[in-house]
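Undergrad: Sequence plus predicted model, see below.
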Amino acid sequence: MLMSNVLERKSLSKVNFEWLFQLIASLAWMISVFVYGSYELGDCLQLTAASAWFIANICSFISRK
């Protein structure tokens, strides 16, 4: 019983760190588009991809709870 609780906590912390780092990566990607300051088609597509990744991360977090 105790061992299963330890394993469950480890798997939850791993998932949380994976989610957190993906969220940070998607936010950094979004921010980089604004810092770069160019809004041509390629930049808008980059922003769209980063935004979709960010939203997917948020939805994933909500569905786990």
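TA: The structure has been received and is ready for your questions.

Undergrad: pLDDT value on Val15, please?
TA: The confidence metric pLDDT takes the value 63 at Val15.

Undergrad: what's the answer for Trp19, then?
TA: Per-residue confidence at Trp19 stands at 88 (pLDDT).

Undergrad: so is it in a helix, a strand, or just coil?
TA: What DSSP: H, G, I helix; E, B strand; the rest coil gives for Trp19 is helix.

Undergrad: Confirm for me that it is in contact with Phe61.
TA: Yes - assessed by Cβ atoms under 8 Å, Trp19 is found in contact with Phe61 at 5.8 Å. Where you see a C-beta, it was placed from the backbone N, CA and C, and this is true even at glycine.

Undergrad: so where do the helices sit in this structure?
TA: 2-36, 41-64 (DSSP state H).

Undergrad: As JSON lines, these with mean neighbour count would be great.
TA: Below are these laid out as JSON lines (neighbours: other Cβ atoms under 10 Å):
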{"stretch": "helix 2-36", "mean neighbour count": "12"}
{"stretch": "helix 41-64", "mean neighbour count": "13"}
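
Undergrad: looking at those helices, which has the lowest confidence?
TA: Comparing mean pLDDT over the helices of the chain, the weakest stretch is helix 2-36, at a mean of 79.

Undergrad: Spatially central residue in this structure, please.
TA: The centroid of the chain falls nearest to Leu23 when counting by Cα atoms, centre = their mean (2.4 Å).

Undergrad: ok, for that residue, nearest residue in space, not its chain neighbours?
TA: Once flanking residues are discounted, Leu23 sits nearest to Asn57: 4.8 Å by Cβ to Cβ, 6 or more residues apart in numbering.

Undergrad: Distance check, the one you found against Ser38.
TA: Applying Cβ to Cβ, to the nearest Å, the value for Asn57 to Ser38 is 25 Å.

Undergrad: Touching, the residue nearest to Leu23 and Phe21? I think so.
TA: No - counting by Cβ under 8 Å, Asn57 does not reach Phe21; the two are 9.9 Å apart.

Undergrad: I am finished for the moment; much appreciated.
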